[in-house]
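Q: Requesting a structural model of the entry that follows:
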Amino acid sequence: MAEIVIKGVAKSFGAFTALHSVDLTIADQEFMVLLGASGCGKTTLLRIIAGLETPTHGEVWIGDRRVDHLPPRERGIAMVFQNYAVFPHLTVFENIAFGLRMAKLPQAEVTRRVTRTAELMHIEQLLKRYSGELSGGQRQRVAVARALAMEPDVILMDEPLSNLDALLRLEMRAELKGVLAESKTTTIYVTHDQVEAMSLADRISVMNGGYIVQADRPTQVYRNPAARFVGSFIGNPPMNFLPAKRSENGRWQVAGQDFEGPETAAAEFAIRPEDMHPAEAGLEAEVRVVEPLGPHTLITAQVAGQPFRAVLESDRAITPGEVITLAPIPDRIRWFDPETQKAIA
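A: Residues are numbered from 1 along each chain as shown. Next up, the predicted model:
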């Protein structure tokens with residue numbers, strides 16, 4: 001069993017605090033994605049789990065063992081790096097076998113594991129070639145195969161697809177998800193790419209400023225962000241936010257329209273761009289930019305002096321300068337506390 005439990009892990013570099021008392025439990029065989037912008041602490045947390053950094057405070061457990069005092073080789077983990085770290089002077093077979101040979105496994109076992117993982121990654125026909133002759137996508141497959149060949153309890157991946165072009169990333173995402181599910185390995189995957197996170201993860205941990213802001217299933221992170229930051233970070237385009245104030249009838253007034261809302265003293269209105277539709281009554285939006293996107297059109301507008309985006313069906317012609325009326329899908333409206341920035345239930 002390879003459940004990972006992170007208890008109160010903090011990391012400081014001099015006066016700079018990279019992680020603030022992080023708590024996170026990753027289930028056995030779960031695919032967890034650490035998602036956030038550069039500098040949010042996701043790679044630092046991954047390196048602490050790997051044993052490449054020492055936490056200032058806190059504990060890391062893998063299964064029933066506390067490992068934060070152990071060197072990397074004793075933690076039962078394998079890593080796949082952003083730059084692949086394959087050896088160009090070795091064949092694909094020897095690259096995959098490298099860790100197995102370091103562990104002094106018998107040749108028959110080395111051959112079995114290399115062959116099995118090469119087949120999993122669809123590179124069995126490349127075993128005799130030198131890795132320096134391979135494409136970026138092929139080298140990435142070799143790096144993953146090398147990690148899988150170690151049959152680790154945990155695989156850690158640090159932005160492994162970022163050097164591939166868009167089409168290869170799409171292909172590798174699908175392969176990774178299938179292969180890692182088949183290998184039944186607990187996986188922690190670091191990325192700043194929300195599409196990767198949404199498509200790969202069993203759960204996503206959204207990080208910001210050294211904190212985990214929300215850890216949940218992708219659909220929950222998208223539909224029910226726990227904090228304003230999550231709504232503004234997840235989604236392309238991200239959530240729209242508009243100020244709200246109490247009207248005399250006890251409802252919430254947003255850009256001149258009344259909405260049912262929370263029983264709180266203050267609130268901010270939020271809605272995703274695709275959850276708006278043209279209507280006779282609603283928010284008045286002055287269109288600034290129109291971007292056709294095939295079956296949909298993305299419009300950038302001003303609502304009550306605030307920037308506002310909507311994704312609409314392409315069957316209606318909309319032109320810049322036009323004023324249109326947009327209504328939200330009522331059950332898709334979300335509310336946030338302006339002071340704490342947290343979601344209001």
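Q: any idea whether residue 173 is helix, strand or coil?
A: For residue 173, the secondary-structure state derived from DSSP: H, G, I helix; E, B strand; the rest coil is helix.
Q: Also residue 99?
A: On the three-state scheme (three-state DSSP), residue 99 is labelled helix.
Q: For burial, what's the neighbour tally of the closest residue to it other than its chain neighbours?
A: Counting by C-beta to C-beta, 6 or more residues apart in numbering, residue 99 lies nearest to residue 150, which is 5.0 Å off, once chain neighbours are set aside. No exception for glycine: its C-beta is placed from N, CA and C like everyone else's. Counted by other C-beta atoms under 10 Å, the residues lying close to residue 150 total 21.
Q: got a list of what residue 150 touches?
A: Going by C-beta atoms under 8 Å, 6 or more residues apart in numbering, residue 150 touches 78, 99, 100, 103.
Q: Adding neighbour count, write those out as a markdown table.
A: Below are these laid out as a markdown table (neighbours: other C-beta atoms under 10 Å):
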| residue | neighbour count |
| --- | --- |
| 78 | 23 |
| 99 | 18 |
| 100 | 21 |
| 103 | 11 |
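Q: thinking again about what came up before, please tell me how far the residue nearest to residue 99 sits from residue 240.
A: In this view, residue 150 and residue 240 are 46 Å apart by C-beta to C-beta, to the nearest Å.
Q: hmm, back to that, now flag whichever of the contacts of residue 150 is closest to residue 136.
A: Using C-beta to C-beta, residue 78 is the member of these that sits closest to residue 136, with 20.3 Å.
Q: Need phi/psi at the closest one.
A: phi -130, psi 150 (degrees, to the nearest 10).
Q: I'd say it and residue 147 touch.
A: Yes: with the criterion set as C-beta atoms under 8 Å, residue 78 and residue 147 qualify as a contacting pair; they are 3.8 Å apart.
Q: what's across from residue 326 in the sheet?
A: residue 278 (DSSP bridges).
Q: Quick check, pLDDT for it.
A: In the prediction, the pLDDT value recorded for residue 326 is 96.
Q: Could you check how many residues crowd around it?
A: Neighbouring residues of residue 326 were enumerated by other C-beta under 10 Å; the total is 23.
Q: and what of the one 4 residues further on?
A: Other residues near residue 330 number 9, with proximity taken as other C-beta under 10 Å.
Q: For the stretch 101-250 of the chain, which segments count as strands?
A: 154-158, 186-191, 203-208, 211-216, 240-243, 245-246 (DSSP state E, counting those that start in this stretch).
Q: Nearest to residue 295 among those strands would be which one?
A: By C-beta to C-beta (comparing all of the strands of the stretch 101-250 of the chain), the closest turns out to be strand 240-243, at 20.9 Å.
Q: Just the mean pLDDT for that closest one, thanks.
A: For strand 240-243, the per-residue pLDDT values average out at 98.
Q: Just list what it packs against, helices and strands only.
A: Using 3 or more C-beta pairs under 8 Å, 6 or more residues apart in numbering; DSSP states H and E as the contact criterion, the elements in contact with strand 240-243 are helix 228-233, strand 268-271, strand 306-313.
Q: could these go into a markdown table alongside distance to residue 335 and mean pLDDT?
A: Supplementary listing: the helices and strands packed on strand 240-243 in a markdown table, determined by distance: least, C-beta to C-beta, whole Å; pLDDT from 0 to 100:
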| stretch | distance to residue 335 | mean pLDDT |
| --- | --- | --- |
| helix 228-233 | 10 | 97 |
| strand 268-271 | 7 | 98 |
| strand 306-313 | 16 | 95 |
